[in-house]
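Below: sequence and its predicted model.
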Amino acid sequence: MSYLPEVRNSTVPGIAAQYIYSACIKTSTPDITILHDPWFTEGVYDGSWFQFPKVSDPIASIGDVDAIYVSHIHPDHYDAVFLKHYFEVFGEKQILIADHQPNHLFGKMRSDGFSPTVVKGPITIGSTTIEILPHITGSASDIDSAIILKYLDDQKKVHCVVNANDIIFDDKMSRNLKERAGEVDVLFCGYTGAGPYPQTYFDIDSNELEAEALKKKHNFFARYTRLTSHINAKVNVPFAGKYILGGKLSHLNAFRGVADPVEVLDFDSNAIVLADNGGYINTADLIPVGTRVEKYPEEKCKEKIDQISREKMDFERLFSVEEIHQLPIARLLTAASRKAIAKSECEEDYYFCFAMPDETYMVINANKNASISLHKNVPRAALMEPRSEIIIDQRYLFGLLTHVYHWNNAEVGSQYQTRRVPNVLVRSAQSFLNNLAV
């Protein structure tokens, strides 16, 4: 069901914001209509992520727009397959992205055949101002961004919508957003975590798994609360991160610690949850049309999970199990470790351990200052600490080491298991695997 007739440049003197799915919204002023982060291709993150509930005809739901904003490179935000399909229907649109150095999204889009515009300062179109703020922490792994939209109506009132996407971790970024945005009418922001913890860090029968999932959910609620307190918008809209795992990962869905956005209504009186595929709000009156207050029916979600549990991961279509022994994993790990260590941001000992066919391990120390970085033929009893044991299909590991796939997508997609000893996050080592490729 769509709640909003097609709006290409709103005639209402404000900013109309229409929710489609996950991080995809459409914002319209009398000057311009912008589509944000459209993801509608099933099986992203190398075959693991699927949609529920699915929008049956996103092209029709979205309609024609003037420009497209892509916040970052993750495939539930940058969906190249959908963008090409959309351009076939409505013609090519200007794609707006943040100014990062290095700009991973720019490079990926260019290789996919797009010509994105890197927004380095505010853009003014009529009475509308667009500003994209990159999320900068100083790491080479910085990818995210937020967008601020302002519209000055005939009464000289400034309307403001902020789309903060996934940026709910960084208080400095929150303060920067508030300083740049001023008084905010509507804030779209994350409320839950789509990462691999805890579902890929424990055995499925572990007593800790369910407790850690609940803890994760409430930790993200706390981050949501800090962000919304900083921005102090009139209306908060929790959104994004809406997915379920398919294929051989389907059994992990119950342990992801992912909340339904309506749970936010229990503790945020300024929050609304816009209904999928068309719920909207306009800054002119802040009266939402089409909202959701009940969780998705559990039986419907289980039906979808059962359906997608038979899907294959991308790497399962490329290699057979019989071909695993032919893959030069040890040689590739040796070469890849040199590159990863050269780019490491870790200055303390932390060991990544990979099991070999002979039941020994290859161990890589992420410490860029270590005198010995690679240890071969290590028996399990002699594995060093602190460590992460990476439990991964050798076919997928081959694809990661040869850049067919990317470690960050593998992590977010829950594509491999990790066992930490001790089970403590070492943040300086967290991005080390992103550069482990030849």
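Yep, that arrived.

which secondary structure element contains the residue positioned nearest the centre of the chain?
Geometric centre of the chain, nearest residue: His74, 5.2 Å, by CA atoms, centre = their mean. Applying DSSP states H and E as the criterion places His74 outside every helix and strand.

Make sure it is actually in contact with Asn409.
Yes: counting by CB atoms under 8 Å, His74 touches Asn409, with 7.4 Å between them. Heads up, the C-betas are built off the backbone N, CA and C, glycines and all.

Name the helix or strand of this protein that has the lowest mean pLDDT.
Least confident helix or strand, the chain: helix 314-318 with a mean of 89, by mean pLDDT, DSSP states H and E.

List the buried residues in that one.
Across helix 314-318, burial judged by 16 or more other CB atoms under 10 Å covers Asp314, Phe315, Glu316.

residue boundaries of the helices in this structure?
44-47, 58-62, 80-90, 104-111, 171-181, 207-231, 298-308, 314-318, 329-342, 394-401, 407-412 (DSSP state H).

Those helices: lowest mean pLDDT?
When these are compared on mean pLDDT, helix 314-318 scores lowest, with a mean of 89.

Please parse this protein into its domains.
16-308, 314-435 (automatic domain parsing).

okay, those domains, which one's buried deepest?
domain 16-308 (a mean of 19; mean count of other CB atoms under 10 Å).

Relative to the whole chain's centre, how far out is that domain?
8 Å (CA atoms, centre = their mean, to the nearest Å).

before we move on, back to that, among the helices of the chain, which is nearest Ile372?
Across those, Ile372 has its closest neighbour in helix 329-342 (10.7 Å, CB to CB).

Need the residues that contact the closest one.
Helix 329-342 is contacted from outside by 354, 356, 362, 364-366, 368, 370, 373-374, 376, 394, 397-398, 401-402, 432-433, 435-438, using CB atoms under 8 Å, 6 or more residues apart in numbering.

rerun at 7 Å
Residues external to helix 329-342 that are found in contact with it (CB atoms under 7 Å, 6 or more residues apart in numbering): 354, 356, 362, 364, 368, 373-374, 394, 397-398, 401-402, 432, 435-438.

I'd like to know which of those are part of strands.
The members of the contacts of helix 329-342 that map onto strands under DSSP state E are Phe354, Met362, Ile364, Leu374.

check contacts around the second one.
So the one you mean is Met362. Ala330, Leu333, Phe354, Met356, Lys376.

show me what contacts the nearest residue to Ser309 once chain neighbours are set aside?
For Ser309, ignoring the flanking residues on the chain, the nearest one in space by CB to CB, 6 or more residues apart in numbering is Ser250 at 3.9 Å. By CB under 7 Å, 6+ apart, Ser250 lies in contact with Ile305, Ile308, Ser309.

rewinding a little: output the helices of the chain in JSON lines; the columns should cover distance to Lys120.
Below are the helices of the chain laid out as JSON lines (distance: least, CB to CB, whole Å):
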{"stretch": "helix 44-47", "distance to Lys120": "29"}
{"stretch": "helix 58-62", "distance to Lys120": "27"}
{"stretch": "helix 80-90", "distance to Lys120": "22"}
{"stretch": "helix 104-111", "distance to Lys120": "12"}
{"stretch": "helix 171-181", "distance to Lys120": "14"}
{"stretch": "helix 207-231", "distance to Lys120": "23"}
{"stretch": "helix 298-308", "distance to Lys120": "41"}
{"stretch": "helix 314-318", "distance to Lys120": "35"}
{"stretch": "helix 329-342", "distance to Lys120": "29"}
{"stretch": "helix 394-401", "distance to Lys120": "33"}
{"stretch": "helix 407-412", "distance to Lys120": "25"}
